[in-house]
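J.: Here's my sequence, what's the structure:
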Amino acid sequence: MMAERYDCTECKESLFGLKYILKEEKPYCIKCYETLFSSSCEVCQKPISCTSRDLSYKDRHWHSECFLCAKCSRSLVERPFATKDELLMCTDCYSNEYSAKCHACLKTIMPGSKKMEHKGNSWHENCFSCNRCQQPIGTRSFVQKEGHNYCLPCYEKQYALQCAYCKKVHTTYSSITLNTKLNTDPWHKECFVCIGCKQQLAGQRFTSRDDFAYCLNCFCNLFAKKCAYCTTSISLGGSKYISFEQRQWHNDCFNCKKCSVSLVGRGFLTCKEDIVCPDCAQDM
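T.: Residues are numbered from 1 along each chain as shown. As a prediction, this is how the structure comes out:
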């Protein structure tokens, strides 16, 4: 009995006694398979035969002898490499041409190694450390001061200001400074309250005395001059008042005791605790 013919799917030539390749369960002679399915080398543009080693990277293919550094022509087979504008380079050439230099040790940061970046500067992971405790900062929060990096605990110990009220350090920049001759310490917003009524003063008008902050109402009640007529405080902030012999009056309260005429800008006389106009003084 004659054996069944076994031919190439493409050229129909007999594969009896020849090498062939199955693709999707269809047999192909070597020549047809390479013509139909082999990849072209990125460098020499020739097909990569079935018997050659096909090196691929991101859908691109090379003969093993063509897989070379674009700068120094060293073989990249079994070696780490990097790419730039689709060119293959060994890590040494890539580093010399393109890799960042560590801001601390000034050495090249090799491709593939972990690096830390901040405001245009780069560091090796171990070089990105606190200037005070020398421990790597990693992904923790940090503060830069005068070109140096500090982890938050070290920065607070060395530089952070203490709140004048609670004595804790400022971990944020939302603070208020009470500027007096004796006190320029900052306060936390929530600590900056009136010493009298404990109302928060942030965004409010306030004044100070003896390094204590007061809302205007408390300050007026405690320290402002009292009107000799109505006995209420003469408010701060430019209110007009009359002062005479250790006594003060609101402008509206500076009136003749008898006829109630305003004495602002006019002559007047005193009678014990009262003030009177000259006309009323003649009748007394």
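J.: Spit out the contact partners of the spatially closest residue to residue 101 that is not a sequence neighbour.
T.: Spatial nearest neighbour of residue 101, excluding adjacent residues (Cβ to Cβ, 6 or more residues apart in numbering): residue 108 at 6.0 Å. Using the backbone N, CA and C atoms, a C-beta is placed for each residue, glycine as well. Residue 108 is in contact with 95, 96, 99, 100, 101, 102, counting by Cβ atoms under 8 Å, 6 or more residues apart in numbering.
J.: what's the closest of those residues to residue 223?
T.: residue 102 (60.7 Å; Cβ to Cβ).
J.: just checking, the closest one touches residue 122?
T.: Yes. With contacts counted by Cβ atoms under 8 Å, residue 102 reaches residue 122, the gap being 6.5 Å.
J.: Between those two, which is the more surrounded one?
T.: Using other Cβ atoms under 10 Å as the criterion, residue 102 and residue 122 rank with residue 102 on top: 20 against 17.
J.: residue boundaries of the helices in the stretch 101-250 of the chain?
T.: 152-158, 216-223 (DSSP state H, counting those that start in this stretch).
J.: Identify the residues contacting the shortest one?
T.: The one in question is helix 152-158. 130, 131, 132, 133, 140, 141, 142, 143, 145, 150, 169, 171.
J.: And for stretch 92-104?
T.: Residues outside stretch 92-104 that contact it (Cβ under 8 Å, 6+ apart) are 69-72, 81-82, 84, 89, 107-111, 115, 121-124, 127-129.
J.: Please list only the buried members of the residues you listed.
T.: Among the contacts of stretch 92-104, the ones that count as buried by 16 or more other Cβ atoms under 10 Å are 69-71, 81-82, 89, 108-109, 111, 115, 121-124, 127-129.
J.: Give me the subset of those lying in strands.
T.: If you go by DSSP state E, the buried ones among the contacts of stretch 92-104 have 81, 82, 89, 115, 121, 122, 123, 124 in strands.
J.: who's the second one bridged to?
T.: Read that as residue 82. Counting by DSSP bridges, residue 82 is bridged to residue 89.
J.: Quick check: it touching residue 89?
T.: Yes. In terms of Cβ under 8 Å, residue 82 counts as a neighbour of residue 89; the distance is 5.5 Å.
J.: So, low pLDDT: which residues of the stretch 1-150 of the chain?
T.: For the stretch 1-150 of the chain, the stretches with pLDDT under 70 are 1-4, 111.
J.: Strands of that one, start to end?
T.: Applying DSSP state E, counting those that start in this stretch to the stretch 1-150 of the chain gives strands spanning 20-23, 26-29, 54-57, 60-63, 81-84, 87-90, 115-118, 121-124, 142-145, 148-151.
J.: chain center to the fifth one, what's the gap?
T.: Yep, that's strand 81-84 we're talking about. 32 Å (Cα atoms, centre = their mean, to the nearest Å).
J.: Just name whatever secondary elements that strand is in contact with.
T.: If contacts are counted by 3 or more Cβ pairs under 8 Å, 6 or more residues apart in numbering; DSSP states H and E, strand 81-84 sits against strand 87-90, helix 91-97.
J.: Buried deepest among these, which one?
T.: Neighbour counts (mean count of other Cβ atoms under 10 Å) averaged over each of these peak at strand 87-90, with a mean of 20.
J.: what packs against that one?
T.: Short answer (3+ Cβ pairs under 8 Å, 6+ apart): strand 87-90 packs on strand 81-84.
J.: Next, find the distance separating the closest residue in space to residue 105 that isn't next to it in sequence from residue 110.
T.: Distances taken as Cβ to Cβ, 6+ apart place residue 127 nearest to residue 105, at 5.4 Å, with adjacent residues excluded. Using Cβ to Cβ, to the nearest Å, one gets 13 Å for the distance from residue 127 to residue 110.
J.: do residue 269 as well
T.: Residue 269 sits 97 Å away from residue 110, going by Cβ to Cβ.
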